[in-house]
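[1] structure for this input, please:
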Amino acid sequence: MMMEFWQAYALFFAKGLTAVVLLIVLVAAVVALKGGDDDDEENKLKITSLNDTFINWREQLYAQMLDKKAWKAREKALKKAEKAQDETEKPRLFVLDFDGDVEASAVADLREHISTILQVAEKTDKVLLRLESGGGFVHSYGLAASELVRLRAKELSLVVAVDKIAASGGYMMACVGTEIIAAPFAVIGSVGVIGAVPNFHELLSRNYIQYEQHTAGEHKRSLTVFGKNTDEDRAQFKKELAETHELFKNHIAAMRPQLDVEAIATGETWYGSQALAKGLIDRVQVSDDYLLEHIDSHQIWQISYEANESFIERIKGHIFGQWGRAQASAPLKSRFR
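    Numbers count the residues shown, from 1 in each chain. Sure thing, here's the model as predicted:
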């Protein structure tokens, strides 16, 4: 009798749990569909005052270091200084971040940020781009560099700060700056072009697999992945690389006429202090110091976008975020089996 009771209870519990799960799925689906219009909305522009950020950090430290009497005296002095401060509006320093991958995916946000700035900026304002990129596709980084040229075309001062790396396509962007600063060990340069294509023709032939490709136009393609490559194909491919390299050098020469382009267009990279001697950058300095230099003289605004996540994305982020934290806190032995 007792066994039958527990069996009936387990069956009831399973049915109830199933109903609850189905209800949650249904609600989630309805919310996701209802929020479909919200997902299509543009990302929200996020504007942060870095003046306030740095000052808050400073005052928090003072609050911990000073005794009560000294802290009150400091608060009083700060309020007095605020009242005596010149009411004249300070020039603005707009801060942008570009963390580049091979496809320069961040250019989608960059172009919107620049379009936003150009609507409000005056010639006395500056733009600081904190750039990190090891390069990637020519067309992608060509677009990113062209977006930065829009700032120079409006006669705005564009300072490019490289704390880690600006190589190849990254330097294609960096050289657009009216001033380039870099950390002492930031990697700079790699003014060259590389192209690599695997070829499986021999492998396919050994397995009796034929591959056909038909083109119209003498140079519709150069090297192919599955077909047989000829010396003519290789020569055409090298010619295209050389032409791209020439365009790269011309771009640098136009942006930094003082630079001996031929001397640095070897594909080599240099650290920040070496790059200064080569003329690739203008100053050895980290971006944080540049910001601190302008904290009293400029209104510093960091511009970014907050992505609007759908309900499902938020749930996924929560689940995988919890899982990731669990994995990170797990012993090494369990993570490297």
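[2] please name the nearest non-neighbouring residue to residue 168.
    Leaving aside its sequence neighbours, residue 168 sits nearest to residue 135 (CB to CB, 6 or more residues apart in numbering; 2.7 Å). C-beta here means a position set from N, CA and C on the backbone, and glycine is covered the same way.
[3] burial count for the one you found?
    24 (other CB atoms under 10 Å).
[4] which residues of the stretch 201-337 of the chain fall in strands?
    With strands called from DSSP state E, counting those that start in this stretch, the stretch 201-337 of the chain shows them at 269-271, 283-284, 299-306.
[5] how far does the shortest one sit from its chain's centre?
    Distance, stretch centre to chain centre, for strand 283-284: 22 Å (CA atoms, centre = their mean, to the nearest Å).
[6] and for the last one?
    From the chain centre to the centre of strand 299-306 is a distance of 14 Å (CA atoms, centre = their mean).
[7] who are the packing partners of it?
    In this structure, strand 299-306 makes packing contacts with strand 44-49, helix 50-65, strand 92-99, helix 107-118, judged by 3 or more CB pairs under 8 Å, 6 or more residues apart in numbering; DSSP states H and E.
[8] just the buried residues of that strand, please?
    Judged by neighbour count (16 or more other CB atoms under 10 Å), strand 299-306 contains these buried residues: 299-304.
[9] sheet-wise, list the partners of that strand with their directions.
    Note on strand 299-306: by DSSP bridges, its sheet partners are strand 44-49 (antiparallel), strand 92-99 (parallel).
[10] go on, the second one?
    Take DSSP bridges as the rule and strand 283-284 pairs in its sheet with strand 179-182 (parallel).
[11] so what's residue 268 up against?
    Shown in contact with residue 268 (CB atoms under 8 Å, 6 or more residues apart in numbering): 189-190.
[12] tell me the helices in the chain, going along the chain?
    Secondary structure of the chain (DSSP state H): helices located at 2-34, 36-39, 50-65, 68-84, 107-118, 138-153, 169-174, 201-206, 231-255, 261-264, 272-278, 287-293, 311-329, 332-335.
[13] and the third one, what does it pack onto?
    Read it as helix 50-65. Here helix 50-65 touches helix 68-84, helix 287-293, strand 299-306, going by 3+ CB pairs under 8 Å, 6+ apart.
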